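Q: A predicted structure for the sequence below; I have some questions about it.
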Amino acid sequence: MNKVVHNAYLGAMVVITVAITCYLACTGYTYYALPLEERFYHPRHHWFKPSGIHGQGLGVIGTFLIAFGVFIYIARKRYNFLERFIRLKYLLEFHIFLCTVGPIMILFHTAFKFGGIVSIAFWSMVAVVLSGILGRFIYNQIPRTIEGRALSLAELQAMKTDMAAVLEQQFEMDKADIDQVTLMLQFGGNGQKRQGISQVKKTLANMDLAKSHQKEILSMAKRELRLSKRISRLETMQRLFKYWHVVHMPFAIIMLVIVIIHVSVAWAMGYKWIF
């Protein structure tokens, strides 16, 4: 999947999520905007209430989307399910999409009425969604291969170029000029990337080098600074990702247990939707 297709893929999921939210909000606005004690008199109360065809349907479909999103992601991550057909990072994005649309549907299923054990499940779901967004951010900060596998520190360090050797052998620069460039790179690697690149550019401009060589060296310098930044944050992000699981998983388990109880009780009381 190239970058254009990937961006279109992400954009489509965002558009679908927004469209579903807007549709549900607009079609039921007159009902959801009423105080709880007045909703019984709404002409479509039987449709929008949590046990109604529409309301209960949203709960069923939303729960299915969450369960499917979790199942297919875990199956791919732990058991390499569909490994030949889809990369993990793309499936993660699909997992996030389903586990965003699902809770939105469940929110409308509740008709914005929270109470009892269901409220624990709902707020656990909110915590799971929010922590999932945070987890996605942390996940993006960890350098990965094109297949989505996290790169190790050794792999990242192996990707670095010996700039001094390249400048000497390929561009025949003298030691004083090489020292200037590498010094600016060290400056940029200490969290001052933009200033470091600017200094390298100025340093190269004062040297007797062809414009094409200056551009090539500047491109190499940018690549090295990007790698340096990745290396410096790798350990921190891996540690944060480990702590993130401590928060994300318990809320997900609490939500799952309460949802199972909720569905079981509803089924036992005869709320079987269209079945």
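A: Arrived safely, thanks for sending.
Q: Does residue 13 touch residue 99 like I think?
A: No. Using CB atoms under 8 Å, residue 13 is not in contact with residue 99; the gap is 11.6 Å. Yep, even glycine has a C-beta here, placed from its N, CA and C like the rest.
Q: In terms of neighbours, single out the busier of those two.
A: Each of residue 13 and residue 99 has its neighbours counted (other CB atoms under 10 Å); residue 99 has more, 21 against 17.
Q: Let's see the pLDDT reported for the residue nearest to that one when sequence neighbours are not counted.
A: Sequence neighbours aside, residue 69 is the residue nearest to residue 99 in space, at 4.7 Å (criterion: CB to CB, 6 or more residues apart in numbering). pLDDT, residue 69: 90.
Q: Does residue 69 lie in a helix or a strand, and which?
A: Element membership of residue 69 [criterion: DSSP states H and E] is helix 53-79.
Q: Show me what counts as buried in that helix.
A: Neighbour-count burial for helix 53-79 flags 54-56, 58-63, 65-66, 69-70, 72-73, 76 (criterion: 16 or more other CB atoms under 10 Å).
Q: Next: stretch 85-101.
A: Buried, per 16+ other CB under 10 Å, within stretch 85-101: 87-89, 91-101.
Q: Using CSV, list the CA coordinates for that stretch.
A: Once non-C-alpha atoms are left out, stretch 85-101 reads as follows in CSV (Å, rounded to 0.1, in the frame of the first residue of the first chain):
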residue,chain,number,x,y,z
PHE,A,85,-2.6,-10.5,3.1
ILE,A,86,-2.4,-7.5,5.5
ARG,A,87,0.3,-5.8,7.4
LEU,A,88,-0.1,-5.4,11.2
LYS,A,89,0.0,-1.5,11.1
TYR,A,90,-2.9,-1.4,8.6
LEU,A,91,-4.9,-3.9,10.7
LEU,A,92,-4.2,-1.8,13.8
GLU,A,93,-5.7,1.2,12.0
PHE,A,94,-8.8,-0.9,11.1
HIS,A,95,-9.0,-2.1,14.7
ILE,A,96,-9.0,1.5,15.9
PHE,A,97,-11.6,2.4,13.3
LEU,A,98,-14.0,-0.4,14.4
CYS,A,99,-13.3,0.3,18.1
THR,A,100,-14.2,3.9,17.5
VAL,A,101,-17.4,3.4,15.5
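Q: and for it, what are the contacting residues?
A: 1, 6, 9-10, 13, 16-17, 20, 62, 65-66, 68-70, 72-73, 76-77, 82, 128-129, 132-133, 136, 139, 144, 146-149 (CB atoms under 8 Å, 6 or more residues apart in numbering).
Q: at 6 Å what do you get?
A: Here stretch 85-101 makes contact (CB atoms under 6 Å, 6 or more residues apart in numbering) with 13, 17, 20, 65, 66, 69, 73, 76, 136, 147, 148.
Q: Please identify which of those is nearest to residue 233.
A: residue 136 (16.1 Å; CB to CB).
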